[in-house]
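J.: quick check, what structure comes out for this input:
(one chain, ligands or ions: 1)
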Amino acid sequence: MNNGKLLRIRGLSVQFATPGGAVEAVREASLDVPPGTIVALIGESGSGKSATALSVFGLLDSPGRAAAGEIWLGETDLLRLKPRELRARRGRDMAMIFQDPANSLNPVLTIGRQMVEAIRRHRRVSRREAREIAVGQLARVGMPDPERLLRRYPFQISGGMCQRVMIALALVSGARLLIADEPTTALDVTLQAQLLDELYRLRRERGLGILLITHDLGVVAEIADFVYVMKEGRIVEAADVYALFERPAHEYTRKLLDSRSLRADSPAAAASGRRG
Ligand SMILES: Nc1ncnc2c1ncn2[C@@H]1O[C@H](COP(=O)(O)OP(=O)(O)OP(=O)(O)O)[C@@H](O)[C@H]1O
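T.: Below is the predicted model of the structure:
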């Protein structure tokens, strides 16, 4: 049962079969993403963050598999779904944006074609209506000339624009859960800020639940509500964002905070810079 949480992961273990034996990338991890909440998942490289996210989408690389646990999206345990059923949920109820958005879009199809197809996969509308919906959605995520954008190919637009297209794609299908894996890493500072604004707005205005995977603690301080810290496949700390910065409980979290970019910023300073 889900108890009103949008995403509820319980006891997830992910293993990768290797010639040297099974590598346990995720070990009995549990986490919740309630609606209208930005939940950050942080931890060093290799700690299992992406493996956790990919499990939700059933997109683990083939030697990898979710060996145990439950992943509830609403009232459905995604780990019990057939691949076809999971694919349908992927487009409709949940969306994912990646660090390298150009690779998440199909390089040989125009943005318009991809959006129209995504819309028509989930709604009974004509091509023309789908195109209008796409234009409206792109305008809503701040794209200046949506009509023109629809005629372009992914390689003809910037990384920041690709991110917005991905978000627009997620939204046209009515997704309630967005998983963003290092979404700002490849962007310059201005585009980073725009993307964070966008995520924040989606949470507030649309009530989206967002699982944000990042190693940028500045981003966490700015927009996250709740934080999970992962180390060697385990969730070692779970706390409200203010509590985490003020009183990190776990030794590892303290080290992580000390070693990263927040240095002089007190929790209060970080908090005062937050969106309202
Ligand atoms: N294809 C694979 N084959 C074997 N092991 C893998 C594979 N992919 C990931 N792993 C293992 O899973 C562990 C977790 O990887 P994962 O990518 O989830 O970490 P991460 O926290 O997302 O790191 P990063 O921040 O670098 O993306 C790694 O330690 C790695 O050893």
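
J.: count of residues packed around Arg201?
T.: 15 (other CB atoms under 10 Å). C-beta: built from backbone N, CA, C; applies to glycine.

J.: what's the strand or helix carrying it in contact with?
T.: Taking DSSP states H and E as the definition, Arg201 sits inside helix 189-206. For helix 189-206, contacts defined as CB atoms under 8 Å, 6 or more residues apart in numbering pick out 36-38, 141-142, 158-160, 163-164, 167, 171, 178, 180, 183-184, 187, 208-210, 212, 219, 222-223, 275.

J.: of these, grab the buried ones for PyMOL.
T.: In PyMOL, this line selects whichever of the contacts of helix 189-206 come out buried by 16 or more other CB atoms under 10 Å:
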select buried, resi 36+37+38+141+159+160+163+164+167+171+178+180+183+184+187+208+209+210+212+219+222+223
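
J.: now the strands: where do they sit in the protein?
T.: 7-18, 21-33, 38-42, 64-73, 76-77, 94-97, 177-181, 209-213, 226-231, 234-240 (DSSP state E).

J.: partners of the fifth one, with directions?
T.: Yep, that's strand 76-77 we're talking about. strand 64-73 (antiparallel) (DSSP bridges).

J.: report the buried residues of the strand it pairs with.
T.: Those would be Gly64, Arg65, Ala66, Ala67, Gly69, Glu70, Ile71, Trp72, Leu73, for strand 64-73 by 16+ other CB under 10 Å.

J.: near the ligand, which of those show up?
T.: Contacts with the ligand within these, counted by CB under 6 Å from any ligand atom: Gly64.

J.: closest one to the ligand out of the buried residues of strand 64-73, please.
T.: Gly64 (5.8 Å; CB to the nearest ligand atom).

J.: what residues are bridge-paired with the closest one?
T.: With DSSP bridges as the rule, Gly64 is bridged to Phe16.

J.: I'd like to check which residues are in contact with it.
T.: By CB under 8 Å, 6+ apart, the neighbours of Gly64 are Val14, Gln15, Phe16, Ala17, Ala25, Ala51, Leu54.

J.: can you redo those residues as CSV with distance to Ala118?
T.: CSV is the format used below for the contacts of Gly64 (distance: CB to CB, whole Å):
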residue, distance to Ala118
Val14, 28
Gln15, 32
Phe16, 31
Ala17, 33
Ala25, 30
Ala51, 26
Leu54, 20
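
J.: can you sort out which of those also neighbour the ligand?
T.: Near the ligand, by the rule CB under 6 Å from any ligand atom, you find Phe16, Ala25, Ala51 out of the contacts of Gly64.

J.: output the residues you listed as a markdown table; include the columns neighbour count and pLDDT.
T.: Formatted as a markdown table, these follow (neighbours: other CB atoms under 10 Å; pLDDT from 0 to 100):
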| residue | neighbour count | pLDDT |
| --- | --- | --- |
| Phe16 | 17 | 93 |
| Ala25 | 24 | 95 |
| Ala51 | 25 | 94 |
